[in-house]
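Visitor: Here is the input, now give the coordinates:
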Amino acid sequence: IQELWTDGKNWDMEERARRRRAVVNSYVAVFAPAVAFSGVQLTLSIGGFLVFLIGLKISGRGYADIVELSGVLPPLQGLLDKLDASWGDAAIALLLVELSAPLLIAAALAASPAATTALQAKLTEMDLDADGLNARIEKVLADTTD
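Guide: Next up, the predicted model:
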């Protein structure tokens, strides 16, 4: 990209278009897998959080047990009593998501190829793949430079 900005003004129109297309192609080739992985990872993390939180609510275990166990240290129990149990359970669920992160990342890596394929198909359908983006850029350039 820096080369486009610094040396691009010295290139003819064909060279400039060829290099711009290469940048767009590289960007899309990296963008789709990165977005797919991030989306899968976020979905798994939120799903895990909700599963853990619901599990805590259904089992009746969680923050209330920690407060009860903290009775051996009255100052700690006094601090923990001030926090709403729902927030405490949410903190425990978040901790469980963090502890299960290696499994969630492995699952995200396993699911990412299918998600990438689906995203690339959607981008192609919406004409936002590399060819579609290059065509749009060329149309805008043609409309604005004539």
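Visitor: if we look at stretch 26-39, which residues are touching it?
Guide: Outside of stretch 26-39, the residues that reach it under the criterion Cβ atoms under 8 Å, 6 or more residues apart in numbering are Ala108, Leu109, Ser112, Ala115, Thr116, Ala118, Leu119, Gln120, Leu123, Asp129, Ala130, Leu133. C-betas here are computed from N, CA, C, even on glycine.
Visitor: mind running it again at 10 Å?
Guide: Residues outside stretch 26-39 that contact it (Cβ atoms under 10 Å, 6 or more residues apart in numbering) are 1, 24, 105, 108-109, 111-123, 128-134.
Visitor: Give me the contacts around stretch 96-115.
Guide: 32-53, 55-56, 119.
Visitor: Point me to the helix or strand that includes the residue nearest the centre of the chain.
Guide: The residue lying closest to the centre of the chain (Cα atoms, centre = their mean) is Ser38, at 2.8 Å. Assigned by DSSP states H and E, Ser38 belongs to helix 13-59.
Visitor: Determine the next helix or strand in the C-terminal direction from the helix or strand where Ser112 lies.
Guide: Using DSSP H and E, Ser112 maps to helix 101-125. In the C-terminal direction, the helix or strand that comes right after helix 101-125 (DSSP H and E) is helix 130-145.
Visitor: gap between that following helix and the chain center?
Guide: Here helix 130-145 is found 29 Å from its chain centre; the criterion is Cα atoms, centre = their mean, to the nearest Å.
Visitor: residues contacting Gln41?
Guide: Listed by Cβ under 10 Å, 6+ apart, the contact set of Gln41 reads Ala101, Leu104, Ile105, Ala107, Ala108, Leu109, Ala111, Ser112, Ala115.
Visitor: OK, contacts around the closest residue in space to Tyr63 that isn't next to it in sequence?
Guide: Spatial nearest neighbour of Tyr63, chain neighbours left out: Gly88 (2.8 Å); criterion: Cβ to Cβ, 6 or more residues apart in numbering. Gly88 makes contacts with Leu56, Gly62, Tyr63, Ala64, Asp65, Ile66, Val67, Leu80, as judged by Cβ under 10 Å, 6+ apart.
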